[in-house]
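[1] this one's sequence-less:
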């Protein structure tokens, strides 16, 4: 089940971030639709010491050159593709999560929707288990070497955490609609 979720989540991550390519500099560039300076100025006071702190952080805040923005974007797309096809699955899941959160923080609050949140949630839980155990290029390589896949407790834990997280999301969505 976790491997099937990896294929679907990897496909969603790849597709949604491929769409950003249509106008990458307008979405993520320093002077895009939601300028970096605007996000830097939207600070919050810390409840502990009253000091100002950033509400979000993303490495995209420091990328100014278009060639560097495109380079990072292409590496992210390659990571999401590797996650989708199951090549270097655990590493791709970890990097995919970091990239997905970085994109989400850069585009938030301008274009941050439920799909982006679910993409980040799924990428987070794919890191916990052997998401490349089946339906992947990694599993094909393992089969050629004669290795077998055993049942995994961490895969079961990841599935249960996804279910729990989705139940919490639905619970709070229902409460918001009741209000």
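    That came in fine, so what should we check first? Keep in mind it's a predicted model, so treat the numbers as computed, not measured. Residues are numbered from 1 along each chain as shown.

[2] and the nearest residue to residue 136 once chain neighbours are set aside, how many neighbours?
    Of all residues not flanking residue 136 in the chain, residue 86 sits nearest, at 2.1 Å (Cβ to Cβ, 6 or more residues apart in numbering). Every C-beta, even on glycine, is put in place using the N, C-alpha and C of the backbone. Number of residues near residue 86 (other Cβ atoms under 10 Å) recorded here: 23.

[3] My guess is residue 86 contacts residue 2. True?
    No: Residue 86 lies out of contact with residue 2 (Cβ atoms under 8 Å); the separation is 11.3 Å.

[4] Need the overlap of contacts for the two.
    residue 131 (Cβ atoms under 8 Å, 6 or more residues apart in numbering).

[5] circling back to that earlier point, mind pulling up the pLDDT for the residue nearest to residue 136?
    Note for residue 86: predicted pLDDT of 95.

[6] Quick one: residues contacting the nearest residue to residue 154 once chain neighbours are set aside.
    Nearest non-adjacent residue to residue 154, counting by Cβ to Cβ, 6+ apart: residue 129, 4.3 Å away. Going by Cβ under 8 Å, 6+ apart, residue 129 touches 2, 152, 154-159.

[7] again, 7 Å this time
    Contacts for residue 129 (Cβ atoms under 7 Å, 6 or more residues apart in numbering) come out as 2, 152, 154-155, 157-158.

[8] Then residue 36?
    Going by Cβ under 7 Å, 6+ apart, the list of residues near residue 36 reads 30, 61.

[9] Which residues does stretch 158-170 contact?
    With Cβ under 7 Å, 6+ apart as the criterion, stretch 158-170 contacts 1-2, 121-122, 125, 128-129.

[10] Just say helix, strand or coil for the residue nearest to residue 154.
    Per DSSP: H, G, I helix; E, B strand; the rest coil, the local secondary structure of residue 129 is coil.

[11] I'd like to know how far it sits from residue 101.
    Note on residue 129: its distance to residue 101, by Cβ to Cβ, to the nearest Å, is 19 Å.

[12] Same question for residue 93.
    Distance of residue 93 to residue 101, given as Cβ to Cβ: 13 Å.

[13] who's more crowded, these two?
    residue 93 (27 against 18).

[14] longest single helix anywhere in the protein?
    helix 153-178 (DSSP state H).

[15] Show me what the mean pLDDT comes to for it.
    92.

[16] quick one: buried residues of that helix?
    155, 158-159, 162 (16 or more other Cβ atoms under 10 Å).
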